[in-house]
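# sequence plus predicted model, see below.
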Amino acid sequence: MKNKKLNNKKKLIIFIGILIIIIIVVLIIVLNNQNKEEKIEIVNYKDAEKLYQTSDNKCTDITDENDSLLLYLIFSNMDKDNKLSDNISYEEYENTAKTILKTDDIPAKINNYLYDGYSYTLNNDEITREKSECEEKYVSKIYGYSNNNDTLSLYISSGYVKDRKVYNLSGDEIGDYDKDTINKILDDGTIKIYNYQNKNGNYILDNISSD
Amino acid sequence: MHREYKRRKIIIFSLIGILFLMAVGYSAFQTKLNISSTSNITSVWDVEITNVKIKEINGLAENVGDLDSYTNLEANMEANFYEPGDYITYTVTVSNKGTLDAMLDSVKLNMPEQEVINFKVEGATSKEKLPAGSSKDIDVTMEYTGNNPEDVGSVEADVNLDYVQDGHPTEFPDADSPEEDNLRINDIILTPTETSVKAEIEAEGAIKYYYSIDNNTWYESSENIYNIYHLKPNTTYTMYVKAEGDNGKVVYSSKPFTTLDNTSPKVNINIGDNVKGENGWYKGLSLNTEVTDNDKVKEVLYCVGKDCTPNKTLNLENNKATITLESSKDVQKLCIKATDMVGNVTNKCSNEYKVDGELPTLSNMNIETKDDVMEVTITATDNESGLYKYYYSKDGGKTYIESDNPNYTFTGLDEGDYLVTAYVKDKAGNESEIKAQSTAIRYTSYCKKNNIDDFGDCLIATEAQNPNIEEAKAIIEAKGTPDFTKTSPSILYDEKHATTTSTWSTTSTNVYIGTGYEFNPETGMYTITGGSMRNPNEIDLNDGNTYYMNGSTWINETASSVYRISNISSTTNSETGAVTTTITYYNYTIMPKSYDTSTVGMYAANDDGENTYYYRGSVTSNYVKFGGFYWRAIRVNGDGTVRLIYDGKNPHANGESSSDRQIGAQPFNNYENDNTYVGYMYANPDNYVETNSEDTTFNNTGLSSTAKYYFGTSYILDKNSRKYKLSGDIIQGTIAPDKVGYYTCFSTNKDATCQRLFYTTKYNSLTSMTVSGVGYGTTSKEQSQSNDTDSTVKAYLDKWYQNNLNNYTDKLSKDTIFCNNRSISNKQSGAYTNEGFGIHPTIYGNKRFQNWSNQGILGPTLNCPLNDSFSVSNIKGNGKLTYPVGLITADEVNMAGGINGSANRLYYLYTGSSYWTMSPFKFVDVLYSTEGYINEFGQLRDLGTSISLFIRPVINIDPSKIDFSGNGTMSDPYVIS
């Protein structure tokens, strides 16, 4: 009888012990979930910079008129892949555009678009180009970026050079052109925000907005 | 076991069976039960008139009847009238002599001569109780209102009172004329609405009817139905009626009624004072409520919440109340439940509102730099509307980038110093305080890349980003001299408007109030415009103006805050008559908006004939590691050496408050009661003499009005401790005229010793006495400024040097000086005669940094008298130092961006603690010497030399004796080897 009582006492202690452990575990899980905030992994700046290729030649249209910003992305990518020539098939252009923009909705009208000193025009199924002299040479730089785990916003500061003066895209003078100081001057350029969606590690351009 | 279970079942069924039988048996017995009994109840009903007497007679009226002729509940009165206005009032006493409580059901009055005689019955209210054993007086007045008394002569009136047993339903007793049986009122049928009553008289023999609701104004009608309007709901009235026969006789009766109230209270909720935010949020919102009823509101309950039930009492003032919604993450609405006196209820809720007047909190900002990239991450919270936008600036707040994320990476940055600022905004549009932090971008060691070996040249070339030293110096020199009256970085302020109100009360009649204000973003000060001293209670806040004040009851136009007045009320003390005015206001304060970093960097100045290049503001490329400690470069001295100030065993960011940035705390000098103690070294005490200021007196103000100080007729000087103790006849007491002519330390301790001994010459007030001083010290300026004895701080520094830097002495300049500039100012003020010795009040460097007595600020200087130029060698200085270590000067602090009037937590000299400079400021007229110091807010101030403050050693690196690496940033400091 005494042993039985002792066994019951042991069982009770074990039961209470298990109960306490369960309560503690549940509390830890609840508290942990409450305090758990999604940690943002900041995108490496080299990866962010890859999304926007700055052109060395300033005779490139990077205004936000007539899909120029999208065309700039497409043409700079084709440039990187050495696909720019006097005659470019629409199919080539379409493939690059869809790869870059990750959509079928690509700019369909190309009329004297300036890139790297050439004026490109789409006629029927072919894009042709002519050498062009720019009175206004466009300059841009990546000002910075910001991201969360789903989106990345790339801030591009742009302006243009005319008569050795630098202007923002609103036409306001922001400094004298100098290759050593243009980076600093572009701090006062016009900022456009390229908003990307993160799809399985690939950043797909979603929209372009103004600051 | 099985059998036992079976037995239990049998017992249970047996019990149920017995219970059932008992129930049936009881029911059968009950139907036969009859209880019969008899009782006798004895009660007496006896209500009767017990007296009739004359109460008042006016004019020539006279009673001509027999006042004792009353019977039971009927009384007869007869009077003669002769002139208009004659009246007589009888008092009829009715008594309840029985044992049952009675209630007056109706009063019947036989009234002849209705046209010329006005009858009035007072004190008889229908439904009024007459408890058993009690009596009641009823006044009956007859007044002649005609023009010819002969028309009337004797007038006779009969009064009949009908009582019923209290608690019994009214059975309207007919009112008849005792004399004319054919004229009688059988009933009054009353049909009330909320604001009217229809009275229908059921009468016999009547040809005319009269109706009154107040027994005074009568409405005559040939109809037996009459409507009376404009009554109040839920109000008890008595309908008085009269019926008149064709012979002019009148019978009178009355019946009470209560008007109806079927209308619920009316509740209005409108938006009151509010500050609109963004995204549908309010930053502050009050809801004005008005609750009205056709009768009276009995109770108003309210609640505020997303989904709530009114349960809190709402106190109305003139039917109105204002509820201010608190900030909350949830939508809120105000719900009101109003109940009137008869229980009609109205429930009403406002629209749903979102309110957030709380600022989000930006608790931390972290900056990581690598190459030309700067990654900024911030930690912020907002418990109400939630975080919405994040703002980042790399230029001190001049331009901000808006982001949806708590991180921003600036790319493509040029080399240089950056002051990064950030703030966050919540959905309601509230903006957090701005967080600021400085950092530097350095790609690689500029000097190594450009083969610059001289450390001083390296600092100059790096700052100018020009490897040609002469060109670099020219670039820096071309920047000119910054404004030393401003901090660096200087702060641009923005207005900050409270979204909830506060109150301010005053008993002053007039307050400085204006109709506008101007805000200076550079000083952060508001100036009230259109202002004057006005009585706030005479201001009409609805006159189209907006009124402002700043909490002053005197003319004070400028302050760091201003109040926008939203309401003014006042109360008067019934006993004293004092008026207390309470002003409700929105407080407009200030917050840093951006930082002007235009003067951050390196500047050039003259240093005893040579150019020195000094760092100013929130520079972040002057980190140096030497001797196992971190240092910050102050400047490249005129002799080419580089002056460093100690910054701890670990590197610290600008703006970081840390005790690691100092080596310890000591007084500048243990003594303070002589001019000599402003010295880094001071005069030999063996040559001190006792002095006193004799006729030179000054006011010792700021004394305690309640402290009981000790005063003595003489004193004892201990020359070793250089302290005084009172002696002779010693008295104790508060400041008073009888304390004149004594020595005192102004101490409440009888046995106290003190360095500063005064002799009282005049009583000024409870907190002020005119005194002269007693001194033990120097008697000439030359003696005072002789460098014979180490100051406390020098001794401490030397010891620290011995223990920590002695092995690095070969890398330090022995010629470069540390300036303890004891030049005496030529500006004078009050008692400051500037003699520079003993206890003569003297101004030293104070005038270079403080606009005292509106004499202007002179500004910093690096020129230093030879006697005050402390150095190890005597090539450039006085050769009085043993070790090449000293302190920063107030001039260097000022040049680095610290000023007297404003805090600066961002420049590189801020440590969050107070630490000494070695610049004398003044010998104060209340007998103590002061030295310049940087306080815990980064301000340049002065303090008594005997107070203990932190110490930051300063040394001068000799570039010709060192090698260095690194690029001067916090993460890659210049390492001296």
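Noted; the coordinates are in hand.
# and residue A:97, which helix or strand is it part of?
helix A:90-101 (DSSP states H and E).
# could you check how far residue B:567 is from residue B:48?
Using Cβ to Cβ, to the nearest Å, residue B:567 is found at 65 Å from residue B:48. Any C-beta I mention is one placed from the backbone N, CA and C, and that applies to glycine too.
# within the sheet, what are the partner strands of the helix or strand that the helix holding residue A:97 is followed by, with directions?
The C-terminal neighbour of helix A:90-101 among helices and strands, as given by DSSP H and E, is strand A:113-115. Applying DSSP bridges to the sheet, strand A:113-115 is found paired with strand A:118-123 (antiparallel).
# ok, residues contacting the partner strand?
Strand A:118-123 is contacted from outside by A:75, A:84, A:88, A:90, A:93, A:108-114, A:127-132, using Cβ atoms under 8 Å, 6 or more residues apart in numbering or on different chains.
# quick one: average pLDDT of it?
For strand A:118-123, the mean pLDDT works out to 89.
# run the angle between that strand and helix A:90-101 for me.
Compare the direction of strand A:118-123 with that of helix A:90-101 by axes from the mean of the first three to the mean of the last three Cα atoms, to 10 degrees and you get 110 degrees.
# would you mind listing the buried residues in strand A:118-123?
Buried positions in strand A:118-123, judged by neighbour count with 16 or more other Cβ atoms under 10 Å in any protein chain shown: A:118, A:119, A:120, A:122.
# mind putting those into JSON lines with distance to residue B:808?
Output for these, formatted as JSON lines (distance: Cβ to Cβ, whole Å):
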{"residue": "A:118", "distance to residue B:808": "64"}
{"residue": "A:119", "distance to residue B:808": "67"}
{"residue": "A:120", "distance to residue B:808": "67"}
{"residue": "A:122", "distance to residue B:808": "73"}
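# coming back round to it: more crowded one of residue B:567 and residue B:48?
For residue B:567 versus residue B:48, neighbours defined as other Cβ atoms under 10 Å in any protein chain shown are more numerous around residue B:48 (17 against 13).
# packing partners of the helix holding residue A:97?
Counting contacts by 3 or more Cβ pairs under 8 Å, 6 or more residues apart in numbering or on different chains; DSSP states H and E, helix A:90-101 is packed against helix A:68-80, strand A:126-131, strand A:202-210.
# swap in 7 Å and give it another go.
Contact partners of helix A:90-101 among helices and strands, from 3 or more Cβ pairs under 7 Å, 6 or more residues apart in numbering or on different chains; DSSP states H and E: helix A:68-80, strand A:126-131.
# these: which one's closest to chain B?
With Cβ to the nearest Cβ, the closest approach to chain B among the helices and strands packed on helix A:90-101 belongs to helix A:68-80: 16.9 Å.
# the closest one to strand A:118-123, inter-axis angle?
Using the same axes, to 10 degrees: helix A:68-80 against strand A:118-123 is 100 degrees.
# just give me the closest of the buried residues of strand A:118-123 to residue B:290.
Of all the buried residues of strand A:118-123, residue B:290 sits closest to residue A:122, with 69.1 Å by Cβ to Cβ.
# out of the helices and strands packed on helix A:90-101, deepest packed?
Among those, helix A:68-80 has the highest mean neighbour count (mean count of other Cβ atoms under 10 Å in any protein chain shown), at a mean of 21.
# circling back to that earlier point, right, so of the helices and strands packed on helix A:90-101, which gets closest to residue B:807?
Nearest of the helices and strands packed on helix A:90-101 (Cβ to Cβ): helix A:68-80, 58.0 Å.
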